[in-house]
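A.B. asks: Here is my input; please provide its structure:
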Amino acid sequence: MQPASAMDWDDLRIAAAVARAGTFSGAAAELGLDATTVARRIARLEAALAFPLFRAADGRRRPTAQGAEILAHVEAMSAHAAAIRAVQPAGEGVAGHVRVSATANICDRVLAPHVAALLKAHPGLSLSILASDANASFSRYEADMAVRMARPQKGGFAIRRLAALPLVLWEPEAPSGDTIVCAYPESLDGTPEMAELARLGLADRARFRSNSVGAIRAVLASGGAAAVLPDPGGSEALPLRRTPLQGYREAWLLIQPHLRKDPAARCVAGWIADCFARIGVA
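C.D. replies: Next up, the predicted model:
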């Protein structure tokens, strides 16, 4: 095994990018390199360490047990480096890059309208918003914080309840027997939206299913369809009858534990809470 001094910090940075992207090509796109260079640098790092960092599974590069341990140290080193860079002269404000994961509906309708104001207020801050309709736990290699539509049942995250989004039944002004009922896939039968559809006697009539709220909204807007959806905006009009329901969907903010006291992360977390406050739900 080569001595630790043979390792290049830049190779470790590339390994962290591979862990985030899951592929050499994805890491290459993030770093502005080509995939061949990424593969060569990972091979060089693995030779220096004398063990593999990743294994290939289902077309993805996933960290090995030893690789995950190394990447955790890399993440800590990156966090310390970011903290050093974030130190500003008095009055200069926060600085750094923060990655937020949220469902496409929340990204588009709750967060995106207020991004420009955040970044103008904090010139040293940059932001990535990663749209994902998967309501699952997130990896520290993928995002720094996430908005999830259910309270997490496990994980060492810092969590914060953002809002209880009211559920609304959207349907044509004159519903008929051929109204197309939209629903989530059967794998999401446990969600409050599906429970409300069942309570209304509509669940068994579903003819269109999607895990994308945006896709369901597009079908609703085309006419002749009905669905139960969370109503993050409250005032955005569809050409349909809007009936508020008893149910609601909770939104939660999850923050990676190593960022609890990070100034940039705290700034973005506060901004996300403000975005939800702006739409008038609590």
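
A.B. asks: does A251 sit in a helix, a strand or a coil?
C.D. replies: Classification of A251 by DSSP: H, G, I helix; E, B strand; the rest coil places it in strand.

A.B. asks: What does the pLDDT read for it?
C.D. replies: Looking at A251, its pLDDT reads 90.

A.B. asks: That one contacts R151, doesn't it?
C.D. replies: No: using CB atoms under 8 Å, A251 is not in contact with R151, being 9.8 Å away. Backbone N, C-alpha and C define where each C-beta goes, glycine included.

A.B. asks: The two - which one has more neighbours?
C.D. replies: Remark: of A251 and R151, A251 carries more neighbours, 25 against 11, as counted by other CB atoms under 10 Å.

A.B. asks: which phi and psi does the closest residue to the more buried one other than its chain neighbours have?
C.D. replies: Nearest-residue entry for A251: L162, 4.3 Å, with adjacent residues in sequence omitted and distances by CB to CB, 6 or more residues apart in numbering. The phi and psi values for L162, taken as degrees, to the nearest 10, are phi -90, psi -40.

A.B. asks: L162 - how many residues pack around it?
C.D. replies: Summarising burial for L162: neighbours were counted as other CB under 10 Å, giving 22.

A.B. asks: what about it, distance to D204?
C.D. replies: Relative to D204, L162 is positioned 33 Å away (criterion: CB to CB, to the nearest Å).

A.B. asks: do D10 as well
C.D. replies: From D10 across to D204, the span is 57 Å (CB to CB).

A.B. asks: need the helices for the stretch 101-250 of the chain, in chain order.
C.D. replies: 104-106, 115-121, 192-199, 213-222 (DSSP state H, counting those that start in this stretch).

A.B. asks: Point out the other elements, helices or strands, that the third one touches.
C.D. replies: It stands for helix 192-199. strand 158-171, strand 180-183, strand 225-230, strand 241-255 (3 or more CB pairs under 8 Å, 6 or more residues apart in numbering; DSSP states H and E).

A.B. asks: now swap in the shortest one and tell me
C.D. replies: Other helices and strands packing on helix 104-106, by 3+ CB pairs under 8 Å, 6+ apart, are helix 213-222.

A.B. asks: Settle this for me: I70 is touching E46, isn't it.
C.D. replies: No: in this structure, I70 is not within contact of E46 by CB under 8 Å, at 10.0 Å.

A.B. asks: tell me, what's touching the two both at once?
C.D. replies: Shared between the contact lists of I70 and E46 (criterion: CB atoms under 8 Å, 6 or more residues apart in numbering) are residues L53.

A.B. asks: Who has more neighbours out of these two?
C.D. replies: Set side by side, I70 and E46 show unequal neighbour counts under other CB under 10 Å, the larger going to I70 at 20 against 17.

A.B. asks: Give me the pLDDT for the more buried one.
C.D. replies: The per-residue pLDDT reported for I70 equals 90.

A.B. asks: same check, this time on A6
C.D. replies: Looking at A6, its pLDDT is 64.

A.B. asks: ok, now the one 3 residues further on?
C.D. replies: You'll see W9 listed with a pLDDT of 79.

A.B. asks: Distance check, it against A35.
C.D. replies: On the measure of CB to CB, W9 and A35 end up 21 Å apart.

A.B. asks: Can you tell me how far D144 is from D204?
C.D. replies: Look at D144 and D204: by CB to CB, they are 41 Å apart.

A.B. asks: S132 is in contact with R99, correct?
C.D. replies: No: R99 is beyond contact range of S132, at 11.6 Å (criterion: CB under 8 Å).
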